[in-house]
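J.: what's the 3D shape of this:
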Amino acid sequence: MLKVNEIFYSLQGEGADAGLPTIFIRLTGCNLRCKYCDTEYAFYEGEKMEEETIIEKISKWKCKRVCITGGEPLLQDVSKLINLLMKKNYEISIETNGSLSIEELVNKRVVVKMDMKLPSSQMHDKMKMENIRLLRQTDELKFIIWDREDYEYAKNLIEKYKPDCQIIMQPVWKELPANKLADWILKDEIDARLSIQLHKILWGEERGK
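T.: Numbering: from 1, shown residues only. Just a heads-up that it's a prediction; the model follows:
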């Protein structure tokens, strides 16, 4: 049984699959309190739900792409949900904040989207840096960037760990202009994808979008 904050169908707004129709399963609870968090409502709100019930709820959509998100989904045991989704042939991604081990996840048929926190979040000292080396080519390492200090911190991590996965750089919404971050990436020739939160451009802060 899992505590679920919300289940909805929308377009993926971030990362390598931005723009693709996706079913989101947002789980309740987070162990971090990032300064710029845009899903504080997921800290506590939610209802307990059997994994089979979750599968039943999402089956009303034809979409076979699912993103398990939060909060921080790894605070709960998501193994049963993942196994049920795999049996139903869903494409699965899971968004995690980098503070909990992903060792078990990388042995499953899921895309790990890991958000490695930077200084502006005030949570960067809680990261498990060893997670970076576990990421596979099909996974994503995301950096949410507020300012130049964040960017330089992320750049140093990339140089130090040389991750095999896709690298995503995303400006904090309404804080860092996307074109400024784009200029930094191009000037330093960082092999990263710029992400600009498509869902917020389309629907603003509306929940369930």
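
J.: quick one: stretch 158-165 to chain centroid distance?
T.: 18 Å (CA atoms, centre = their mean, to the nearest Å).

J.: give me the element the residue nearest to the spatial centre of the chain is part of.
T.: Most central in the chain under CA atoms, centre = their mean is Glu95, positioned 3.2 Å from the mean C-alpha point. In this assignment (DSSP states H and E), Glu95 forms part of strand 91-96.

J.: give me the helices and strands touching the next helix-or-strand element following that strand, please.
T.: Downstream of strand 91-96, the next assigned helix or strand under DSSP H and E is strand 111-115. Here strand 111-115 touches strand 91-96, strand 140-145, going by 3 or more CB pairs under 8 Å, 6 or more residues apart in numbering; DSSP states H and E. The C-beta positions use only the backbone N, C-alpha and C, and glycine is treated the same way.

J.: highest average neighbour count across those strands?
T.: strand 140-145 (a mean of 24; mean count of other CB atoms under 10 Å).

J.: the inter-axis angle of it versus strand 91-96?
T.: Between strand 140-145 and strand 91-96, the angle comes out at 40 degrees (axes from the mean of the first three to the mean of the last three CA atoms, to 10 degrees).

J.: in the helix or strand following strand 140-145, what counts as buried?
T.: Remark: after strand 140-145, the chain's next helix or strand is helix 148-161, criterion DSSP H and E. Under the neighbour-count criterion of 16 or more other CB atoms under 10 Å, helix 148-161 has Asp150, Tyr151, Tyr153, Ala154, Lys155, Leu157, Ile158, Tyr161 buried.

J.: measure stretch 17-35 end to end?
T.: End-to-end span of stretch 17-35 (CA to CA, to the nearest Å): 26 Å.

J.: any idea of the pLDDT on Lys209?
T.: pLDDT, Lys209: 67.

J.: and His124, by the same measure?
T.: 94.

J.: need the contact list for it.
T.: Going by CB atoms under 8 Å, 6 or more residues apart in numbering, His124 touches Lys117, Leu118, Tyr153.

J.: circling back: including mean pLDDT and distance to Met123, could the helices and strands packed on strand 111-115 go into a markdown table?
T.: Output for those, formatted as a markdown table (pLDDT from 0 to 100; distance: least, CB to CB, whole Å):
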| stretch | mean pLDDT | distance to Met123 |
| --- | --- | --- |
| strand 91-96 | 98 | 13 |
| strand 140-145 | 97 | 11 |
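
J.: pipe the ones you listed into TSV and attach distance to Ala16 per row.
T.: Below are those laid out as TSV (distance: least, CB to CB, whole Å):
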stretch	distance to Ala16
strand 91-96	9
strand 140-145	6
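
J.: and of those, who's closest to Lys62?
T.: Nearest of those to Lys62, taken as CB to CB: strand 91-96 at 13.2 Å.

J.: can you list contacts of the longest strand anywhere in the chain?
T.: When the chain is parsed with DSSP state E, its longest strand is strand 2-11. Residues outside strand 2-11 that contact it (CB under 8 Å, 6+ apart): 18-29, 41-42, 45-49, 51, 54, 57-58, 61, 63, 70-71, 76-78, 81, 198-199, 202, 207-209.

J.: rerun at 6 Å
T.: Strand 2-11 is touched from outside by 19, 23-28, 42, 45-46, 48-49, 57, 61, 76, 208-209, with contacts defined as CB atoms under 6 Å, 6 or more residues apart in numbering.
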